[in-house]
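Asker: can you look at this prediction? I've put the sequence above it.
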Amino acid sequence: SQELEQSPQSLIVQEGKNLTINCTSSKTLYGLYWYKQKYGEGLIFLMMLQKGGEEKSHEKITAKLDEKKQQSSLHITASQPSHAGTYLCGADIIGVEGTYKYIFGTGTRLKVLA
Amino acid sequence: DGGITQSPKYLFRKEGQNVTLSCEQNLNHDAMYWYRQDPGQGLRLIYYSQIVNDFQKGDIAEGYSVSREKKESFPLTVTSAQKNPTAFYLCASSISGTFNYGYTFGSGTRLTVV
């Protein structure tokens, strides 16, 4: 089972619509990172959240970490075709060994219809 | 401009052959990582290195080997012992292995067994 669940797995929206992607863990997230990946390319770092309740925005993308630090949401306002790609969350959690472990979600594939 | 360069972008391997994927960074980052990405499985950590001449196994190290002779370089060899090597391989680096500021990723190498 995945330690970091993303939902939905895929999303198709009409240009101009808003959308939200979620990243959920059963463990405390000591750092939460959002990345964007175009098909066949590397991941581009979008933003990092560390404090419960923290919210950051970059252009039309807003990410929030909940107070309990177990869920993050990525919200895109007025989506554009340039937003298309796969969004992955990454997180620092405490692994079974008792040390920090950096894991990734499985990704949410976003398609924006013009 | 600073960044991570992975080469080649596409690589084909015959059965029983070892192949080496290159990863070079000029970001002066201490830590470097190799991930494997398969559809629906997210990123899985193969090996990581926090300092020159030292590296640690990740979650799926079997059939792979690495070296870290220089800070800038972290090549990955996919050996013949890796029975299912077809995947997208991503190299990443970060400022420090002990605190996560977010990773910088290369553009990836797609390895196919022929």
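Answerer: Yep, that arrived.
Asker: report how many residues lie close to B:Y101.
Answerer: 13 (other CB atoms under 10 Å in any protein chain shown). Using the backbone N, CA and C atoms, a C-beta is placed for each residue, glycine as well.
Asker: which other helices and strands does the helix or strand harbouring B:S22 contact?
Answerer: Counting by DSSP states H and E, the element that carries B:S22 is strand B:19-25. Under the contact criterion of 3 or more CB pairs under 8 Å, 6 or more residues apart in numbering or on different chains; DSSP states H and E, strand B:19-25 touches strand B:4-7, strand B:10-13, strand B:31-38, strand B:76-78, strand B:87-94, strand B:109-113.
Asker: do you know which of those lies nearest A:K101?
Answerer: strand B:31-38 (12.4 Å; CB to CB).
Asker: the closest one vs strand B:19-25, what angle?
Answerer: 130 degrees (axes from the mean of the first three to the mean of the last three CA atoms, to 10 degrees).
Asker: neighbouring contacts of the helix or strand just after strand B:31-38?
Answerer: Sequence order places strand B:42-51 as the next helix or strand after strand B:31-38, per DSSP H and E. By CB atoms under 8 Å, 6 or more residues apart in numbering or on different chains, the residues outside strand B:42-51 that reach it are A:2, A:4, A:88, A:102, A:104-107, B:30-38, B:55-61, B:64, B:66, B:68, B:74, B:76, B:89-90, B:96-98.
Asker: next up, the contacts around the residue of chain B found nearest chain A.
Answerer: Using CB to the nearest CB, B:F105 is the residue of chain B that sits closest to chain A, at 3.7 Å. Applying CB under 8 Å, 6+ apart to B:F105 gives the contacts A:35, A:42-45, B:4, B:90-92.
Asker: is it in a bridge, and if so with what?
Answerer: B:A92 (DSSP bridges).
Asker: tell me the spacing between whichever residue of chain A sits closest to chain B and B:S49.
Answerer: Nearest residue of chain A to chain B (CB to the nearest CB) works out as A:G42 at 3.7 Å. The gap separating A:G42 from B:S49 is 18 Å, by CB to CB, to the nearest Å.
Asker: where do the helices sit along chain A?
Answerer: Using DSSP state H, no helices are found in chain A.
Asker: which residue of it sits farthest from its center?
Answerer: Largest separation from the mean C-alpha position in chain A: A:E97, at 25.3 Å (CA atoms, centre = their mean).
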